[in-house]
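J.: Got a predicted structure plus its sequence, pasted below:
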Amino acid sequence: MGSVVKLRNQINNSYFQLKDSVEDKLMLTEEKIKTKLISDVELVQKMTDYHMKTGGKRLRALLTLGSAKLCGYTKGSRDVNLAACVELIHSATLLHDDVIDESKIRRGVKTTNHIWGNQSSILVGDYLLSRCFEMMVEDGDLEVLKLLSSTSSKIAQGEVMQLEYKGEADLLEENYIKIIELKTAALFSAATKVGACISSLENKKKDALESYGKNLGLAFQIADDALDYFSKENIFGKEIGKDFFEGKVTLPIIIVFQKSNAFERAFLTKIFKKEIRERKDFEDTLKLIKKYNALETTFKRAEYFVNVSCDALGIFENCEAKRVLQSLTGFSLNRSY
């Protein structure tokens with residue numbers, strides 16, 4: 001897997017390169033989302049407008065558009081419609097996540113549930129999913145419908161699995177990987193595979209793009225979990241230590257638990273079983289993370305998936321679209337937002 005250099009030390013502009021390469025399509029995607037979410041119910045309209053305007057990277061939509069471009073898709077607007085569909089699935093899961101996690105901040109602004117309450121937020125999340133399924137049916141491709149509907153199912157199962165292991169400091173790394181494969185990587189892989197599906201490419205290339213997206217998603221989530229322990233909130237738009245205070249055991253904690261002594265393991269077990277974790281608990285945990293170089297090890301794990309993701313595109317001929325997508329794999333490691 002030697003096709004990727006150590007990307008963390010590079011200035012990575014690949015996200016913006018991808019965005020620029022499909023800028024026209026992305027604008028059409030935004031318009032499609034806006035049109036699809038028009039509602040006669042005032043509160044639904046107000047909440048969807050607020051949630052969608054909080055922005056985000058639109059990374060999953062960009063992956064669909066970029067993959068379709070790599071596959072040579074030029075006819076029609078299916079790439080735009082399905083990019084909007086993928087983004088709506090993601091947005092719906094965020095609304096539900098914020099309710100589950102009792103989040104007050106996302107992307108640096110107040111969450112929808114913090115403003116309008118949990119009940120409305122859950123229902124608006126369901127509304128986004130229903131609109132998404134309407135778009136899948138309108139597309140009319142059973143392969144795409146099966147892919148995206150099964151992805152929604154996987155995301156839900158991943159979220160439930162994460163709740164099942166909440167507070168378990170001895171969580172096995174393989175179970176952690178399974179959780180993030182379902183709740184994060186599944187939508188990444190669907191977003192990229194869609195590009196091959198609408199281009200009627202051979203199965204080998206569909207599988208290659210699916211692998212690219214899956215491993216990119218794994219790297220992205222692992223890096224995201226590491227950022228929780230050192231990113232600046234005003235850049236990342238996320239409360240620092242959010243996962244820790246919610247009792248979520250992520251890879252940095254798993255690595256510490258693997259390397260720690262019996263006394264330290266008992267400490268981690270105790271604090272993750274607590275109903276409320278204090279600031280001092282977080283500070284003591286950070287000391288252990290530093291002691292065992294857990295963040296560095298976490299990024300090395302992510303780097304492995306970056307390499308697998310990049311190599312998956314080897315089946316495609318060299319071109320600018322391929323170069324941008326391969327370069328994008330480093331974004332998951334370099335980003336601070």
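T.: Done, it's in.
J.: Output the lowest mean pLDDT helix or strand found in this protein.
T.: For the chain, using mean pLDDT, DSSP states H and E, the weakest element among its helices and strands is helix 233-236, scoring a mean of 46.
J.: From the contact counts, what lies against whichever helix or strand comes after it?
T.: Scanning the chain past helix 233-236 towards its C-terminal end, the next helix or strand to appear is helix 242-245 (assignment: DSSP states H and E). Of the remaining helices and strands, those touching helix 242-245 by 3 or more Cβ pairs under 8 Å, 6 or more residues apart in numbering; DSSP states H and E are helix 279-291. Any C-beta I mention is one placed from the backbone N, CA and C, and that applies to glycine too.
J.: Now tell me what touches stretch 269-280 from outside.
T.: Residues external to stretch 269-280 that are found in contact with it (Cβ atoms under 8 Å, 6 or more residues apart in numbering): Gly167, Glu168, Ala169, Asp170, Phe244, Phe245, Gly247, Val249, Ile253, Asp281, Asp284, Thr285.
J.: Out of those, which end up buried?
T.: Those of the contacts of stretch 269-280 that meet the buried threshold are Gly167, Glu168, Ala169, Phe244, Phe245, Gly247, Val249, Ile253, Asp281, Thr285, by 16 or more other Cβ atoms under 10 Å.
J.: And the last one, how far from Ile253?
T.: Relative to Ile253, Thr285 is positioned 7 Å away (Cβ to Cβ, to the nearest Å).
J.: Kindly report the same for the fifth one.
T.: Using Cβ to Cβ, Phe245 is found at 13 Å from Ile253.
J.: now swap in the second one and tell me
T.: Distance, Glu168 to Ile253, by Cβ to Cβ: 10 Å.
J.: shared neighbours, Thr285 and Ile253?
T.: By the contact definition Cβ under 8 Å, 6+ apart, Thr285 and Ile253 are jointly contacted by Phe244, Leu268.
J.: I'd guessed Leu129 sits against Cys85; true?
T.: No - under the criterion of Cβ atoms under 8 Å, Leu129 makes no contact with Cys85, lying 10.2 Å away.
J.: which residues of the stretch 101-250 of the chain score low on pLDDT?
T.: Under the criterion of pLDDT under 70, the regions of the stretch 101-250 of the chain flagged as low confidence span 231-239.
J.: what about the helices in it?
T.: Using DSSP state H, counting those that start in this stretch, the helices of the stretch 101-250 of the chain run over residues 112-116, 118-139, 142-164, 173-180, 186-197, 203-227, 233-236, 242-245.
J.: what angle separates the third one from helix 118-139?
T.: With axes from the mean of the first three to the mean of the last three Cα atoms, to 10 degrees defining the directions, helix 142-164 sits at 160 degrees from helix 118-139.
J.: again, but for the longest one
T.: Orientation note: helix 203-227 sits at an angle of 160 degrees relative to helix 118-139 (the same axes, to 10 degrees).
J.: so what does helix 203-227 touch, helix or strand wise?
T.: Taking 3+ Cβ pairs under 8 Å, 6+ apart as the contact cut, helix 203-227 packs with helix 59-70, helix 173-180, helix 186-197, helix 251-259, helix 294-312, helix 331-334.
J.: Please work out which of those helices is packed deepest.
T.: helix 186-197 (a mean of 28; mean count of other Cβ atoms under 10 Å).
J.: starting at the chain centroid, how far to it?
T.: The chain centre lies 13 Å from the centre of helix 186-197; the measure is Cα atoms, centre = their mean, to the nearest Å.
J.: If anything else comes up later, I'll come back, but that's it for now.
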